[in-house]
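**Student:** only the shape, not the letters, is given here:
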């Protein structure tokens with residue numbers, strides 16, 4: 001059974017790691033999902049990563065705060081992915097896959113969607129965002145998530161875009177490994193929407209989250 005590690009600690013927020021863990025458990029990959037972090041039974045170390053197939057970095061607070069807590073794991077995470085591991089980054093986890101600051105796992109970088117030209121969301125509040133995922137229009141939970149900028153001629157499989165054309169989800173290679181990142185929250189559960197007062201039909205994106213997991217786990 002493949003081990004999937006989900007970070008849970010000060011670089012995330014309550015509910016985010018649990019939702020990512022539930023998404024991974026719902027996938028077809030039969031993961032043995034375990035939490036890693038400073039207060040977990042399993043710390044985030046090179047040894048823990050070496051036994052895993054996938055490392056997931058959930059959403060959380062600000063990039064500055066998140067990176068401050070995780071920067072001393074940067075080399076371990078880069079080595080894990082470069083050696084063939086898989087990285088799944090959602091919202092803050094997507095930002096952290098970038099380079100300014102971050103783990104530098106992408107052939108490019110990240111930036112705020114809400115600050116991009118013609119963005120359809122202009123607030124850091126909990127809300128929803130429209131995206132197009134493999135040609136299908138969907139609406140997902142969103143809280144100041146990133147978009148992804150690719151260097152010219154960089155190779156990546158773009159799964160989803162925002163209405164202004166910016167990349168909302170993609171999968172790319174890093175060394176022998178693969179990296180999947182997404183700005184919105186396909187793992188968001190019903191209570192996220194209810195707590196934020198968001199009434200959206202067909203709002204759950206578990207199928208899209210599973211598509212992202214499938215894409216990153218493929219050889």
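**Tutor:** Nice, I can see it. Computed from a predicted model, the values in this text were never measured in an experiment.
**Student:** beta partners of residue 169?
**Tutor:** Partner residues in beta bridges with residue 169, using DSSP bridges, are residue 160, residue 182.
**Student:** now residue 3
**Tutor:** In this structure, residue 3 bridges to residue 32 when assessed by DSSP bridges.
**Student:** would you confirm that residue 149 contacts residue 112?
**Tutor:** No. Contact criterion CB atoms under 8 Å: residue 149 and residue 112 do not qualify, at 11.3 Å. (C-beta placed from N, C-alpha, C; glycine too.)
**Student:** tally of neighbours for the closest residue to residue 141 other than its chain neighbours?
**Tutor:** For residue 141, ignoring the flanking residues on the chain, the nearest one in space by CB to CB, 6 or more residues apart in numbering is residue 188 at 3.7 Å. For residue 188, the number of neighbouring residues by other CB atoms under 10 Å comes to 29.
**Student:** show me what contacts residue 188?
**Tutor:** If a contact means CB atoms under 8 Å, 6 or more residues apart in numbering, then residue 188 has 19, 140-141, 203-205 as its contacts.
**Student:** mind doing that once more with 7 Å?
**Tutor:** 19, 140-141, 205 (CB atoms under 7 Å, 6 or more residues apart in numbering).
**Student:** equivalent analysis for residue 87, please.
**Tutor:** Neighbour list for residue 87: 55, 81, 97, 105, 177, 179 [criterion: CB under 7 Å, 6+ apart].
**Student:** among the residues you listed, name the ones in helices.
**Tutor:** Counting by DSSP state H, the members of these that fall within helices are residue 81.
**Student:** out of the contacts of residue 87, which is most surrounded?
**Tutor:** Sorting the contacts of residue 87 by how many neighbours each has (other CB under 10 Å) puts residue 97 first, at 28 neighbours.
**Student:** pass me the low-pLDDT residue ranges in the protein, would you?
**Tutor:** Counting by pLDDT under 70, the chain shows low-confidence ranges at 201.
**Student:** and the strands in it?
**Tutor:** According to DSSP state E, the chain carries its strands in the segments 3-7, 32-36, 54-57, 86-90, 108-112, 127-133, 136-142, 146-150, 157-161, 167-174, 177-182.
**Student:** now these in CSV, with distance to residue 44?
**Tutor:** CSV is the format used below for these (distance: least, CB to CB, whole Å):
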stretch, distance to residue 44
strand 3-7, 7
strand 32-36, 4
strand 54-57, 8
strand 86-90, 13
strand 108-112, 21
strand 127-133, 30
strand 136-142, 26
strand 146-150, 22
strand 157-161, 27
strand 167-174, 18
strand 177-182, 17
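**Student:** closest one to residue 69 among those?
**Tutor:** With CB to CB as the measure, strand 3-7 is the member of these nearest residue 69 (9.6 Å).
**Student:** by contact count, what packs against the closest one?
**Tutor:** Using 3 or more CB pairs under 7 Å, 6 or more residues apart in numbering; DSSP states H and E as the contact definition, the elements that strand 3-7 packs against are helix 16-26, strand 32-36, strand 54-57.
**Student:** adding distance to residue 127, write the contacts of residue 87 out as TSV.
**Tutor:** Compiled in TSV, the contacts of residue 87 are given as follows (distance: CB to CB, whole Å):
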residue	distance to residue 127
55	28
81	31
97	23
105	27
177	33
179	26
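**Student:** looking at the contacts of residue 87, spot the one nearest residue 158.
**Tutor:** Nearest to residue 158, judged by CB to CB, of the contacts of residue 87 is residue 179 at 13.1 Å.
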